[in-house]
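**Q** here's my sequence, what's the structure:
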Amino acid sequence: MIRYDTLCSTEADISKHSTGDRKLLRQNLYNAKRLYADLPRQQLSVLRDLTATLHLSIIKSEILYLGESGT
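**A** This next block holds a predicted model:
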């Protein structure tokens, strides 16, 4: 099993990405905050990394937040 938080070690500099990437990031952040009001700041950072590197979309159900693992 690959943990998503091990895929990206630093926060992506979104300014280096295309307009489409920036739009997807804005959509993902908006939807994450709407769906998961109590989402920790660290998880938003992970979402930014996943969006920038793997181009995953929350609205397309390509990525889901399952909550804290407790570890």
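
**Q** the residue nearest the centre of the chain in helix, strand or coil?
**A** The residue lying closest to the centre of the chain (CA atoms, centre = their mean) is residue 47, at 1.4 Å. Classification of residue 47 using DSSP: H, G, I helix; E, B strand; the rest coil returns helix.

**Q** give the contact list for it.
**A** Residues in contact with residue 47, defined by CB atoms under 8 Å, 6 or more residues apart in numbering, are 28, 29, 32, 58, 63. Bear in mind the C-beta positions are built from the backbone N, C-alpha and C, glycine included.

**Q** tell me where this structure has helices.
**A** Applying DSSP state H to the chain gives helices spanning 19-35, 41-54.

**Q** mean neighbour count, these: which tops it?
**A** helix 41-54 (a mean of 17; mean count of other CB atoms under 10 Å).

**Q** so how far is that one from its chain's centroid?
**A** 3 Å (CA atoms, centre = their mean, to the nearest Å).

**Q** so where's this protein shaky on pLDDT?
**A** Scanning the chain for pLDDT under 70 picks out the ranges 1-17, 68-71.

**Q** hmm, back to that, save the contacts of residue 47 as TSV, and put in distance to residue 42 too.
**A** Shown next, in TSV, are the contacts of residue 47 (distance: CB to CB, whole Å):
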residue	distance to residue 42
28	15
29	14
32	12
58	17
63	16
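
**Q** which of the residues you listed sit farthest apart?
**A** 29 and 63 (12.2 Å; CB to CB).

**Q** ok, residue 47 to residue 65 distance?
**A** Noted for residue 47: a distance of 8 Å to residue 65, by CB to CB, to the nearest Å.
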